[in-house]
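In: Pasted the sequence and its predicted model underneath.
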Amino acid sequence: MHLPVKLGKWIVKLCTQIVPVLLISLSLQASILEHLNELSQQHPGQSGVYILEKGEESLLTRAWLTESAQKTIDVQYFIWSTDNIGTLASESLLTAAERGVRVRVIVDDLLIDAEPETLLSLDAHPNIQIKIYNPLHSVGRGTLSQLWHLITDFRSSNQRMHDKVVIYDQTIAITGGRNMADEYYDYDHTYNFRDRDVMVAGSVLPRIQQSFDNFWQSPLSVSLSNLLAEEKRNLTTEQIEDYTEWLHQYAGNPLNFAPEIRIAITNMVTRIEQIFTQLHWTDVAYIHDLPGKNNQRNNLGGGGHSTASLIELLSRAEKEILIESPYLIMPEGGFEFFSGLLSKGVKIAIVTNSLASTDNLQAYSGYHKQKQRLLDLGISIYEFKPDPGIHRQLIDRHEQLGKTSPIFALHAKSLVIDRQITYIGTFNFDPRSANLNTEVGVVIDDSKIAHQVAQAIRRDMQPENSWDAAVDIDQQEVGFLKRLQVDLWGLLPLDPVL
C-alpha cells in the first residue's frame, strides 16, 4: 500500500529540520542519549519506559533517534517495505552511516520486496551491514528453489524472525508491534494498523543488545554479500552512486511535505523533550527467543522461551487478564490452560480483529472455528471495528484527512495482568508465535504503566471501537465473498502454522 508521493517522502528531511533546533535547545547540556546514561546511573537496576501508542509519535521518535545516534544503530525487523516510509527509513540509516555511525540490519527473508541492486547498494557502504534471516523464500532464491525448500523442509520454511527492535548507541531501544511500512505509522490513506510500541532505556538494554547479537552471530542470519555474490560482482560503482544519490534526493525534496507534516516537525522539539522527561523508571525484563526458536523440536510444535515466559506470567494471575492481539487461535493446550485460570476466578477479556477489519483471512479462519468454544469457556471477546471511533485520537492530523479516513485493523500485541504486570511486544496469541516465529517483548512490573496500557486496551474494547463477539453477531457488514474465503480457508488443516 502506497501513500500519495507528497505525503510519504519526509522522514530524513524531517530530521534535518528538527535536529538543528533541538541542538539549540540542548546546547547547554549533553545530548539526550548521553544524558540517558546519567539517568540510568540515578536509577540502578531499573529501566526508563515510555509507551508509544500513536503511529506518528513512534515514527518521529525513531527518526529523531536515528539522527541523534553517534556510534551504533542495530535494526531487526520482520517487514521492511519499499513503500515511502520504508524507503525514507533506509535513507535515514544511510545518512547515519555517512556521518560514521555503524549500522547493522537483520531482516526476515519471507516478505522482502526490494530489488537485489537496492539492497546491495545500501550494503556497499562500509558502515552498513545487512543480513537476511533464514533466506529460503526471497533473497537470492528462484521459484524452484523456494518450492523445493517448502516441500523438503516445511518447518524451517515456516520458522520466521518476527522480532521488531531498534537499538541506538546501545543506550535506548524501541520494540513492539510495528514493522517498517506506511500502514504501521498511520500514513496510509486506505488501511492502517492500531499498534503499540515501547521505548526503553537503562538496565534492560544489555539483555536487548545480547538478543540482537545472538541473531547477528547466528548461522541463520546470512550476509547479503554471500546471498547475492553474483549480483554483487555485477554491480558497478556508478550504479551504487546513482542509487544513493536518488535516495537522498527522494528524501530531501521539500515539495513532498504535506502541511500536516510541517506542523508535526514544528511541534517535535517540544514533544521530544516531553517524551524523554516523561520516562518512567521501574522494573523491566526482556523476554526473547533464540534464533531458530526451539531447534525444530516436535515438528511444528515445541514452544520457545517467549512462550514459556508468557505462560509463567499468565499463571500468576489472580483477578484479571486483559489481552490485545490481532490474531486469536489457541495452540495445543491453550483451552485447558485458560479454563484453569477461569476456574480460579480470573476474569479474561480479549480484543482481537473482526472479520471486517482483519488483514489475515487465513488466521481469522482459525479463530472463527474456535470462537464459540472460547465464549463458552467464559472469556469476554471484543472484535475491533474497521472504522473505530478511536481513530480520531490515534491520528493527530485526523481533521486534515477529511473524508479520506482509512480503515483500521488491530496489530498491537499486549497484555496486562492484575493491573500490575504489562507485556508489550511482538507475540500474537496463535500457534505460529507460540511454536514457530521468534518473538520479543518487555515485561514491566509497575502499576502505573499497567493502568496506562489497561486503560488503552479497555478503550479499544468500548462499543464505539469494537463489537462484543457474544452479542453483536450480525452487526458486521461483510460481503459474501469474504465470508466464503474464511469458510474455505477453514477447511484446510492450517492451524499449526496460523
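Out: Cool, got the structure. This is a predicted model, so every value here is computed, not measured.
In: which residues in the stretch 301-450 of the chain form strands?
Out: 320-324, 347-353, 380-384, 407-410, 414-417, 421-425, 440-445 (DSSP state E, counting those that start in this stretch).
In: the helices in the stretch 151-300 of the chain, which residues?
Out: 154-158, 205-217, 224-227, 229-234, 237-252, 259-277 (DSSP state H, counting those that start in this stretch).
In: among the ones you listed, which is nearest L498?
Out: For the helices of the stretch 151-300 of the chain, distance to L498 was read as CB to CB. The smallest value, 10.5 Å, belongs to helix 154-158. Every residue, glycine included, has its C-beta placed from N, CA and C.
In: send the alpha carbons of the closest one over as CSV?
Out: Taking Å, rounded to 0.1, in the frame of the first residue of the first chain, the C-alpha atoms of helix 154-158 are listed here in CSV:
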residue,chain,number,x,y,z
PHE,A,154,8.3,-27.3,5.7
ARG,A,155,9.1,-26.4,9.3
SER,A,156,12.3,-24.4,8.5
SER,A,157,10.5,-22.5,5.8
ASN,A,158,7.8,-21.5,8.3
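In: May I see the buried residues of it?
Out: Buried residues in helix 154-158, counted by 16 or more other CB atoms under 10 Å: 155, 157-158.
In: In the protein, where's the longest strand?
Out: strand 280-288 (DSSP state E).
In: dump the residue contacts of L93.
Out: Contact analysis of L93 by CB atoms under 8 Å, 6 or more residues apart in numbering lists 66, 73, 75, 103, 105, 122, 128.
In: And the average pLDDT for stretch 363-375 is what?
Out: In this model, stretch 363-375 has a mean pLDDT of 97.
In: Tell me which residues are up against that stretch.
Out: Here stretch 363-375 has contacts from 326-330, 335, 338, 350, 352-353, 355, 358, 381, 430, 469-470, 486-487, 489-490, 494-495, 498, using CB under 8 Å, 6+ apart.
In: which of these count as buried?
Out: 326-330, 338, 350, 352-353, 355, 358, 381, 430, 469, 486, 489-490, 495, 498.
In: Domains in this protein, by residue range?
Out: With domains defined by automatic domain parsing, the chain comprises 5-280, 289-497.
In: between those domains, which gets the lowest average pLDDT?
Out: domain 5-280 (a mean of 84).
In: From D283, how far out is D445?
Out: 4 Å (CB to CB, to the nearest Å).
In: about what we covered before: out of the helices of the stretch 151-300 of the chain, which gets nearest to L313?
Out: So among the helices of the stretch 151-300 of the chain, helix 205-217 is nearest, using CB to CB, at 16.4 Å.
In: Quick check: buried residues in that closest one?
Out: 205, 208-209, 211-212, 215-216.
In: Which member of the residues you listed is positioned nearest L377?
Out: S211 (34.1 Å).
In: Skipping adjacent residues, who's closest to the closest one in space?
Out: H288 (4.3 Å; CB to CB, 6 or more residues apart in numbering).
In: wait, doesn't A409 sit right on T358?
Out: Yes - taking contacts as CB atoms under 8 Å, A409 lies within contact range of T358: 6.2 Å.
In: Quick check: neighbours shared by the two?
Out: Joint contacts of A409 and T358 (CB under 8 Å, 6+ apart) are P326.
In: thinking again about what came up before, neighbour count for the contacts of L93 - can I get that in TSV?
Out: Putting the contacts of L93 into TSV (neighbours: other CB atoms under 10 Å) gives the following:
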residue	neighbour count
T66	22
I73	24
V75	22
V103	21
V105	23
L122	24
I128	22
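In: ok, these vs S343, which is closest?
Out: V75 (43.9 Å).
In: for the closest residue in space to that closest one that isn't next to it in sequence, phi and psi?
Out: Closest residue to V75 apart from its sequence neighbours, by CB to CB, 6+ apart: V105 at 4.5 Å. Dihedral angles of V105 (phi, psi; degrees, to the nearest 10) stand at phi -130, psi 130.
In: who's V105 bridged to?
Out: The partner list for V105 in beta bridges (DSSP bridges) reads V75, I130.
In: how near is E56 to K385?
Out: Per CB to CB, E56 is found 21 Å from K385.
In: returning to what we had before: which of the helices of the stretch 151-300 of the chain is buried the deepest?
Out: Highest mean neighbour count of the helices of the stretch 151-300 of the chain: helix 224-227, a mean of 19 (counted as mean count of other CB atoms under 10 Å).
In: rewinding a little: may I see the strands of the stretch 301-450 of the chain arranged in TSV, with distance to I167 as well?
Out: Shown next, in TSV, are those (distance: least, CB to CB, whole Å):
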stretch	distance to I167
strand 320-324	25
strand 347-353	30
strand 380-384	31
strand 407-410	27
strand 414-417	21
strand 421-425	15
strand 440-445	12
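In: Relative to M268, which of those strands is closest?
Out: M268 sits nearest to strand 421-425 of all the strands of the stretch 301-450 of the chain, at 23.2 Å, using CB to CB.
In: what's the angle between the longest strand of the chain and strand 421-425?
Out: Calculated by axes from the mean of the first three to the mean of the last three CA atoms, to 10 degrees, strand 280-288 forms an angle of 60 degrees with strand 421-425.
In: Could you give the separation of strand 280-288 from the chain centroid?
Out: 18 Å (CA atoms, centre = their mean, to the nearest Å).
In: what comes into contact with it?
Out: With CB under 8 Å, 6+ apart, strand 280-288 has contacts from 39, 43, 45-50, 163, 200, 202-204, 207-208, 211, 305-306, 309-310, 423, 425, 438-446, 448-449.
In: That strand pairs with which strands, parallel or anti?
Out: Here, using DSSP bridges, strand 280-288 pairs with strand 47-52 (antiparallel), strand 440-445 (antiparallel).
In: Would you reformat these as CSV and include mean neighbour count and distance to N234?
Out: CSV is the format used below for those (neighbours: other CB atoms under 10 Å; distance: least, CB to CB, whole Å):
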stretch, mean neighbour count, distance to N234
strand 47-52, 23, 41
strand 440-445, 23, 37
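In: Among the contacts of stretch 363-375, which lie within helices?
Out: Among the contacts of stretch 363-375, DSSP state H puts 335, 338, 486-487, 489-490 in helices.
In: mind putting the buried residues of helix 154-158 in TSV, distance to H189 included?
Out: Below are the buried residues of helix 154-158 laid out as TSV (distance: CB to CB, whole Å):
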residue	distance to H189
R155	39
S157	34
N158	33
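In: wait, what's in contact with the residue lying closest to S218 once chain neighbours are set aside?
Out: Distances taken as CB to CB, 6+ apart place P291 nearest to S218, at 3.7 Å, with adjacent residues excluded. Contact analysis of P291 by CB under 8 Å, 6+ apart lists 133, 161, 214-215, 218, 220-221, 438.
In: for T82, what are its contacts?
Out: Counting by CB under 8 Å, 6+ apart, the residues that T82 touches are 113-114, 118.
In: switch to 6 Å and redo it
Out: 113-114 (CB atoms under 6 Å, 6 or more residues apart in numbering).
In: What are the phi and psi values at it?
Out: phi -100, psi 20.
In: how many other residues sit next to T422?
Out: By other CB atoms under 10 Å, 31 other residues sit near T422.
In: H288 too?
Out: Neighbour tally, H288, other CB under 10 Å: 25.
In: could we number from 11 for the rest of this?
Out: Right, with 11 as the first residue, what we last looked at is H298.
In: And it, how far from S364?
Out: With distances taken as CB to CB, H298 is found 31 Å from S364.
In: Then G489?
Out: 14 Å.
In: neighbour count winner among these two?
Out: Taking other CB under 10 Å, G489 and S364 do not tie; S364 has more neighbours (22 against 10).
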